[in-house]
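Asker: requesting a structural model of the entry that follows:
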Amino acid sequence: MSHNLSKRVQLLSPAGNLTKLKIAIDYGADAVYGGVSHFSLRNRAGKDFDLESFKKGIDYAHSKNKKVFVTINGFPFNSQLKLLENHIAKMAELSPDAFIVAAPGVVRLSKKIAPEIPVHLSTQANVLNVLDAEVFYEMGVKRIVAARELSLKDAIEIKKYLPDLELEIFVHGSMCFAFSGRCLISSLQNGRVPNRGSCANDCRFDYEYYVKNPDNGVMMRLEEEEGIGTHIFNSKDLNLASHIKEILDSGVIDALKIEGRTKSTYYAGLTARTYKLAIEDYYKGIYRPDFYQNELHTLKNRGFTDGYLIRRPHEKLDTQNHLTAISEGSYQVNGEVNEDGKYFLCKYTTKVGYPYEIVFPTDKQIKCVENEIGKIYQEGEKFYLILNKIILENNKELTEIHSGNINPILLPEILPPYTFLRVKTN
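Answerer: Numbering: from 1, shown residues only. Next up, the predicted model:
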């Protein structure tokens, strides 16, 4: 059965820099989020944008009829308040579609400085119930990005009580070891404060266990069973692609959000593409969980979990990732096509005569060709590239090229900008 709802759910993707912003939009995101400066809660991503490039990103999104939400969701100290006021005013001049804000005082300040810009409440505010949701709604918040710990049942209750309040939930990406980011491990060990944008991800580190003899102060390392235990804090990655039908059937969720501003360009494109297909499938009455998962498992990940939305943690025993900080995905990205579509940059060892799968935005077309440079062909629903020659932009010819080489490689035919080439690894 098709679901012809008047208002479709919005897909919101991370935009860590201008390229990732364009990729996310081209691959299906309805909106993106990102920011400039340490007020954006991702110092690294904030440094990848300056005012000029962020304005270009907003203009690009608006030219495609897509939206940009500005992250101003850090927790400022008194010494930063004047800087924050100036920052809010500068961001408002760029005409974004919303501010994402965490602190109540910053919500009020945003409404005062830029009343024309809607305010979305960050997941950092940890809204889990009707009482807190109502407080922020009365302050003028248009949308709440719910805490990751929220259950779908509680989302239904909030919407029942506050039907005009928009609800946004995370469906994919890194999970914080602590309660929606309320963690100070990184601050204690590295002096990098998580809630001010510079978390060092200390929860992903290797840890060893020691016991201290109280009589003599001797420290002794505890032995561990092989394959169990050192990554004790390391949360698996959220992955709700198999639950899209259940989520949208509830009728209370306005936006699905993907985490990952500091992740790769391939991550930005592949997650947007997969979740957009899942959403479109839902409205067509189609359900393909195996397909969604096969695509998402091509990404590097820490193992996947469905988090808190559908079931509570005590109802399952697979929430910890004991093995590694992060594992390789099932595919390796070998190339990324430039914006002009004529060349690609090598991301991994690329050889003549080897087939590479082509991953591209679903609204674009691929032309099958065969010439002296190579061959683009279709097998089933997938497209592949085989290079007969590796010819660089400077006309140098190679039989093999490795990651780190920054010379663009000629394609046998123009491909959509930011198309990826990938190969199965296992």
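Asker: for the stretch 251-400 of the chain, which segments count as strands?
Answerer: When secondary structure is read from DSSP state E, counting those that start in this stretch, the stretch 251-400 of the chain shows strands at 255-258, 304-305, 331-337, 343-346, 350-351, 355-359, 369-370, 374-379, 382-387, 390-391, 397-398, 400-401.
Asker: what kind of secondary structure is the residue lying farthest from the centre of the chain in?
Answerer: Relative to the centre of the chain, the most outlying C-alpha is that of residue 215, 50.0 Å out, by Cα atoms, centre = their mean. Per DSSP: H, G, I helix; E, B strand; the rest coil, the secondary structure class of residue 215 is coil.
Asker: will you turn the strands of the stretch 251-400 of the chain into CSV that also has distance to residue 282, mean pLDDT and mean neighbour count?
Answerer: For glycine as for every other residue, the C-beta is placed from the backbone atoms N, C-alpha and C. Conversion of the strands of the stretch 251-400 of the chain to CSV gives the following (distance: least, Cβ to Cβ, whole Å; pLDDT from 0 to 100; neighbours: other Cβ atoms under 10 Å):
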stretch, distance to residue 282, mean pLDDT, mean neighbour count
strand 255-258, 11, 98, 23
strand 304-305, 20, 89, 20
strand 331-337, 25, 95, 22
strand 343-346, 33, 96, 20
strand 350-351, 37, 94, 20
strand 355-359, 22, 97, 19
strand 369-370, 35, 97, 14
strand 374-379, 27, 97, 16
strand 382-387, 23, 97, 19
strand 390-391, 42, 96, 20
strand 397-398, 45, 93, 14
strand 400-401, 41, 93, 16
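Asker: Throw the ones you listed into TSV and include distance to residue 27, thanks.
Answerer: As requested, these are exported to TSV (distance: least, Cβ to Cβ, whole Å):
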stretch	distance to residue 27
strand 255-258	11
strand 304-305	20
strand 331-337	13
strand 343-346	16
strand 350-351	22
strand 355-359	9
strand 369-370	23
strand 374-379	19
strand 382-387	16
strand 390-391	26
strand 397-398	30
strand 400-401	25
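Asker: nearest to residue 172, out of the ones you listed?
Answerer: Distance to residue 172, taken as Cβ to Cβ, is lowest for strand 255-258 among the strands of the stretch 251-400 of the chain, at 4.7 Å.
Asker: output the contacting helices and strands for the closest one.
Answerer: When contacts are defined as 3 or more Cβ pairs under 8 Å, 6 or more residues apart in numbering; DSSP states H and E, strand 255-258 sits against strand 10-14, strand 166-173, helix 265-284.
Asker: what lines up beside that strand in the sheet?
Answerer: Each strand paired with strand 255-258, and its direction, by DSSP bridges: strand 10-14 (parallel), strand 166-173 (parallel).
Asker: for residue 368, give its distance to residue 103.
Answerer: According to Cβ to Cβ, to the nearest Å, residue 368 and residue 103 sit 54 Å apart.
Asker: more neighbours: these two, which one.
Answerer: Shown here are residue 368 and residue 103; by other Cβ atoms under 10 Å, residue 103 has more neighbours (20 against 11).
Asker: which parts of the stretch 1-150 of the chain are strands?
Answerer: In the stretch 1-150 of the chain, the segments counted as strands under DSSP E, counting those that start in this stretch are 10-14, 31-34, 67-72, 98-101, 119-121, 143-145.
Asker: which residues touch the last one?
Answerer: In this case it means strand 143-145. Here strand 143-145 makes contact (Cβ atoms under 8 Å, 6 or more residues apart in numbering) with 98, 100, 118, 120-123, 125, 127, 133, 136-137, 158, 165-170, 254-255, 257.
Asker: so how far is that strand off the chain centroid?
Answerer: Taking Cα atoms, centre = their mean, to the nearest Å, one finds the center of strand 143-145 at 17 Å from the center of the full chain.
Asker: following it, which helix or strand comes up?
Answerer: Once the chain leaves strand 143-145, the next helix or strand it forms, by DSSP states H and E, is helix 152-161.
Asker: tell me where the model's unsure across the stretch 151-300 of the chain.
Answerer: Applying pLDDT under 70 to the stretch 151-300 of the chain flags residues 180-181, 194-197, 209, 221-232.
Asker: check contacts around residue 384.
Answerer: Residue 384 is in contact with 355, 356, 357, 358, 376, 377, 378, counting by Cβ under 8 Å, 6+ apart.
Asker: how about it, nearest residue that isn't a chain neighbour?
Answerer: Spatial nearest neighbour of residue 384, chain neighbours left out: residue 355 (4.6 Å); criterion: Cβ to Cβ, 6 or more residues apart in numbering.
Asker: for that neighbour, give me its contacts.
Answerer: Contact analysis of residue 355 by Cβ under 8 Å, 6+ apart lists 384, 385, 386, 423.
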